[in-house]
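A.B. asks: coordinates for the following, if possible.
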Amino acid sequence: MGFKRVDCVKEMDKMIKEDSQIAKYVDEFNKEYEVMQSIVKVRKELGLTQKDVSKRSGLTQQMVSRMEKVDNSPTLTNFIKYITAIGLDLLQLYIL
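C.D. replies: Below is the predicted model:
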């Protein structure tokens with residue numbers, strides 16, 4: 001049996017077009033990713049390390065690291081601790 005070359009991007013685009021639930025999920029995921037990447041960018045521009053955020057927020061460094069990864073959604077309480085530790089508030093996130 002031979003192998004068939006698959007274009008993963010095309011297949012994903014096809015699935016998104018065919019299933020509105022998948023499209024909704026992908027859109028939500030992309031929004032979460034963009035928000036967290038913007039916040040990580042701010043943290044780095046401020047010269048703060050994950051360890052600095054950990055000390056300021058009361059979260060462990062491992063929790064901070066997990067929050068910054070794509071595959072983890074923090075609780076609202078921990079998210080607020082994180083953004084407060086880098087000097088942001090929820091209203092400022094709107095303009096990021």
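A.B. asks: and Lys4, its phi and psi?
C.D. replies: For Lys4, the backbone dihedrals (degrees, to the nearest 10) come out as phi -110, psi 130.
A.B. asks: how many neighbours does it have?
C.D. replies: Neighbour count for Lys4, taken as other CB atoms under 10 Å: 5. For the C-beta atoms, the positions are set from N, CA and C on the backbone; glycine is no exception.
A.B. asks: what's the answer for Phe79, then?
C.D. replies: Using other CB under 10 Å: Phe79 sits among 17 other residues.
A.B. asks: and it, what does it touch?
C.D. replies: Residues counted as contacts of Phe79 (CB atoms under 8 Å, 6 or more residues apart in numbering) are Met67.
A.B. asks: which helix or which strand is home to it?
C.D. replies: Per DSSP states H and E: Phe79 is located in helix 76-85.
A.B. asks: tell me where the model's unsure across this protein.
C.D. replies: Counting by pLDDT under 70, the chain has low-confidence residues at 1, 92-96.
A.B. asks: tell me what angle the longest helix seen in it forms with helix 76-85.
C.D. replies: The longest helix of the chain (DSSP state H) is helix 20-45. Per axes from the mean of the first three to the mean of the last three CA atoms, to 10 degrees, the angle that helix 20-45 makes with helix 76-85 is 30 degrees.
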